[in-house]
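Colleague: Sequence and computational prediction follow.
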Number of protein chains: 2
Amino acid sequence: MSEATSPERMLAILEMFEKERRPLSLKELSDYCRIPPSTCHNLVHTLLRHSYLYQTGQRKDIYPTRRLYDMGATILANDQILQRLLPAMEQLRDATRETVILGKRQKDRIVYLEVLESPEVIRYSARAGDTKPLHSTCIGKTILSTLKTEEVRRVLEEHPPLQVTPNTITGFDRLMADLDRGRARGYFTTHGENVADVTALAVPISVNNELFGLAVAGPSHRVDASLERISRALKDAQENLLQQGISGSG
Amino acid sequence: MSEATSPERMLAILEMFEKERRPLSLKELSDYCRIPPSTCHNLVHTLLRHSYLYQTGQRKDIYPTRRLYDMGATILANDQILQRLLPAMEQLRDATRETVILGKRQKDRIVYLEVLESPEVIRYSARAGDTKPLHSTCIGKTILSTLKTEEVRRVLEEHPPLQVTPNTITGFDRLMADLDRGRARGYFTTHGENVADVTALAVPISVNNELFGLAVAGPSHRVDASLERISRALKDAQENLLQQGISGSG
DNA sequence: CCGTTGAATTCCTATATATGAATGAATTAA
DNA sequence: TTAATTCATTCATATATAGGAATTCAACGG
């Protein structure tokens, strides 16, 4: 029938407003989201009925109401994990002046749950909700490092690692060796393995017995030059959270 | 098939997190939202795939990511109408110390687009996205006042006015007389017609040739006692917006 | 004022989806 | 440790929905 499910299309409509940042007509939504007009009409009217959208302007232009924002704000304010980790993340961002990321494994990907961007104009830039591979990101390696060798092998077989950049480690043995190095030094790294010229470090963090990865990422030239200082700050943050009883890392 | 469409159910799931303010299991979502487990499973996994939800805790508890909030924030920040009206609304709220509301007609209802609540502990309380009837709210009367008599009659025939409170005006002639009084004095009122013991005043505001209603609402005992002062503040706000070229009221 | 154009809306049916029932996984109790 | 229970997941099919086509509506230019 359709190329996407109707719930997905509903998300696509909302995301289109996020992208375009202006009121859109039914036709525009239909075109941009690749949804047939009649189907788009139905979806938009469902959202209108529930007050997630309203009609503005004479040309029947449509725009989201505050409803979505208020919902997101309430939900965000009640996220126990983010609440508990945010102060330490802010401190780490300020100490390193690089982008700080909280991530978690979701099946065969890492999802970014929180991104605090560096104050520098040249910085690692990402958004909460972005997903990245397991094998080519430092948070991913952090997660993989907690698995048994056989489990890592199985994961990599089910989801063969892509050569994302020239530096990406795709071989099983080389990856295991890299994980060993990470375990030994207490943090995991990527050197341009997912994005060229980006160096990132990550440590495991455990909240409520659930595993997360905390990372610092930035342009290689800056991060490599301060690797000692940054890794120290990252480990300090991990230690800090452990002291607060938040993290019993693994 | 189902009692609600799948996009509606997706909204119901997100709203459930807003209501419960905590991670929920699939079973809980399924129960609370009255969605069969298998269907709920599908919807939740769609949201997981798109990073709107993530799995937290060991019991497969689920919670929304920041994604929704960030989307809402971007969209809200780009709402031209709210941006232009908000300063005047804040000023009006501070001047009256009562709840200030921006509303718009959506078919046979008024949708609240923005609500700035009074600082008083006893206050008119509402949320953006709430919808109210046309005939028993002051913003509704404001909108009706701009229609021709015959159009008002048709609207009321298609959506017969309910007796919401003992004070609700349901008769056509009495309502038209009330609209006339409103036109004469420059603002429209309700006296416990939609909620007992609530008095509200509204004026029309036009942005980009599109009609909105701006209202002040509060407990009758406070508002009735300061009717003169409050109506003056409301008209001042309207005048103010007109000066800025925002409002060419009707 | 009317004709033209493009968008919004409605309608019908082929088709994707919802869900009851069965299975599998995991947690708790005994 | 095993049994019991509860929850998550899969699957086949009855059923609601997506979308092409037709229609209505509205804006704009002549």
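Modeller: That came through fine. Numbers count the residues shown, from 1 in each chain, chains lettered A, B, ... in the order given.
Colleague: how does chain A divide up, domain by domain?
Modeller: As assigned by automatic domain parsing, chain A contains the domains A:6-70, A:79-243.
Colleague: Can you tell me the centre-most residue of chain A?
Modeller: When CA atoms, centre = their mean is applied to chain A, the residue found nearest the centroid is residue A:112 (1.8 Å).
Colleague: Now it: phi and psi?
Modeller: phi -80, psi 120 (degrees, to the nearest 10).
Colleague: Relative to DNA strand C, how far out is the nearest residue to it once chain neighbours are set aside?
Modeller: Closest residue to residue A:112 apart from its sequence neighbours, by CB to CB, 6 or more residues apart in numbering or on different chains: residue A:130 at 4.7 Å. For glycine as for every other residue, the C-beta is placed from the backbone atoms N, C-alpha and C. As judged by CB to the nearest atom of the strand, to the nearest Å, residue A:130 and DNA strand C stand 25 Å apart.
Colleague: try residue A:85
Modeller: 23 Å.
Colleague: Would you verify that residue A:105 is located in a strand?
Modeller: Yes: the assignment for residue A:105 is a strand, going by DSSP: H, G, I helix; E, B strand; the rest coil.
Colleague: Double-check it against residue A:141; I have them as touching.
Modeller: No: look at residue A:105 against residue A:141 with CB atoms under 8 Å: they stay out of range, at 11.3 Å.
Colleague: shared neighbours, these two?
Modeller: Residues touching both residue A:105 and residue A:141 (CB atoms under 8 Å, 6 or more residues apart in numbering or on different chains): residue A:134.
Colleague: Check the residue nearest to residue A:112 and give its pLDDT.
Modeller: In this model, residue A:130 is scored at 96, pLDDT.
Colleague: what sits against it?
Modeller: A:111-112, A:115, B:51.
Colleague: ranges for the helices of chain A?
Modeller: Under the criterion DSSP state H, chain A contains helices at A:6-20, A:26-32, A:37-49, A:67-77, A:80-96, A:138-144, A:149-158, A:172-185, A:220-225, A:227-243.
Colleague: quick one, which of those is packed in tightest?
Modeller: The highest mean neighbour count among those, using mean count of other CB atoms under 10 Å in any protein chain shown, belongs to helix A:138-144: a mean of 27.
Colleague: Next, format the contacts of residue A:130 as CSV and append distance to DNA strand D and pLDDT.
Modeller: Formatted as CSV, the contacts of residue A:130 follow (distance: CB to the nearest atom of the strand, whole Å; pLDDT from 0 to 100):
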residue, distance to DNA strand D, pLDDT
A:111, 16, 96
A:112, 21, 97
A:115, 27, 97
B:51, 16, 96
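Colleague: And the furthest pair within the residues you listed?
Modeller: Maximum pairwise distance in the contacts of residue A:130, criterion CB to CB, is 12.3 Å, between A:115 and B:51.
Colleague: Find residues that contact each of these two.
Modeller: A:128, A:130.
Colleague: Could you check the pLDDT of residue A:61?
Modeller: Per-residue pLDDT puts residue A:61 at 90.
Colleague: so who does residue A:226 touch?
Modeller: Residues in contact with residue A:226, defined by CB under 8 Å, 6+ apart, are residue A:96.
Colleague: got the phi/psi numbers for residue A:159?
Modeller: Per degrees, to the nearest 10, the backbone of residue A:159 is at phi -130, psi 80.
Colleague: Kindly report the same for the one 5 residues further on.
Modeller: Torsion angles at residue A:164 (phi, psi; degrees, to the nearest 10) stand at phi -70, psi -40.
Colleague: on that earlier part again, turn the helices of chain A into JSON lines, including mean pLDDT and distance to chain B.
Modeller: Shown next, in JSON lines, are the helices of chain A (pLDDT from 0 to 100; distance: least, CB to the nearest CB, whole Å):
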{"stretch": "helix A:6-20", "mean pLDDT": "97", "distance to chain B": "4"}
{"stretch": "helix A:26-32", "mean pLDDT": "95", "distance to chain B": "14"}
{"stretch": "helix A:37-49", "mean pLDDT": "96", "distance to chain B": "5"}
{"stretch": "helix A:67-77", "mean pLDDT": "97", "distance to chain B": "3"}
{"stretch": "helix A:80-96", "mean pLDDT": "95", "distance to chain B": "6"}
{"stretch": "helix A:138-144", "mean pLDDT": "97", "distance to chain B": "13"}
{"stretch": "helix A:149-158", "mean pLDDT": "89", "distance to chain B": "17"}
{"stretch": "helix A:172-185", "mean pLDDT": "96", "distance to chain B": "23"}
{"stretch": "helix A:220-225", "mean pLDDT": "96", "distance to chain B": "25"}
{"stretch": "helix A:227-243", "mean pLDDT": "95", "distance to chain B": "16"}
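Colleague: JSON lines for those, including distance to residue B:65?
Modeller: Shown next, in JSON lines, are those (distance: least, CB to CB, whole Å):
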{"stretch": "helix A:6-20", "distance to residue B:65": "13"}
{"stretch": "helix A:26-32", "distance to residue B:65": "24"}
{"stretch": "helix A:37-49", "distance to residue B:65": "21"}
{"stretch": "helix A:67-77", "distance to residue B:65": "9"}
{"stretch": "helix A:80-96", "distance to residue B:65": "9"}
{"stretch": "helix A:138-144", "distance to residue B:65": "15"}
{"stretch": "helix A:149-158", "distance to residue B:65": "22"}
{"stretch": "helix A:172-185", "distance to residue B:65": "26"}
{"stretch": "helix A:220-225", "distance to residue B:65": "26"}
{"stretch": "helix A:227-243", "distance to residue B:65": "20"}
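Colleague: do you know which of those lies nearest residue B:74?
Modeller: helix A:6-20 (5.0 Å).
Colleague: so residue A:204 makes contact with residue A:145?
Modeller: Yes: the pair residue A:204 / residue A:145 is scored as a contact, 7.4 Å apart, by CB under 8 Å.
Colleague: For the two, work out which one has more neighbours and name it.
Modeller: Using other CB atoms under 10 Å in any protein chain shown, the more surrounded residue of residue A:204 and residue A:145 is residue A:204, with 22 against 19.
Colleague: if I look at that one, how far off is residue B:158?
Modeller: Distance, residue A:204 to residue B:158, by CB to CB, to the nearest Å: 62 Å.
Colleague: now do residue A:102
Modeller: In terms of CB to CB, residue A:102 sits 52 Å off from residue B:158.
Colleague: nearest spatial neighbour of residue A:52, skipping sequence neighbours?
Modeller: Excluding its sequence neighbours, the residue lying closest to residue A:52 (CB to CB, 6+ apart) is residue A:67, at 5.2 Å.
Colleague: residues contacting the one you found?
Modeller: Going by CB under 8 Å, 6+ apart, the list of residues near residue A:67 reads A:50-52, B:128-129.
Colleague: Recalculate using a threshold of 6 Å.
Modeller: Contacts for residue A:67 were tallied using CB atoms under 6 Å, 6 or more residues apart in numbering or on different chains; they are A:51-52, B:128-129.
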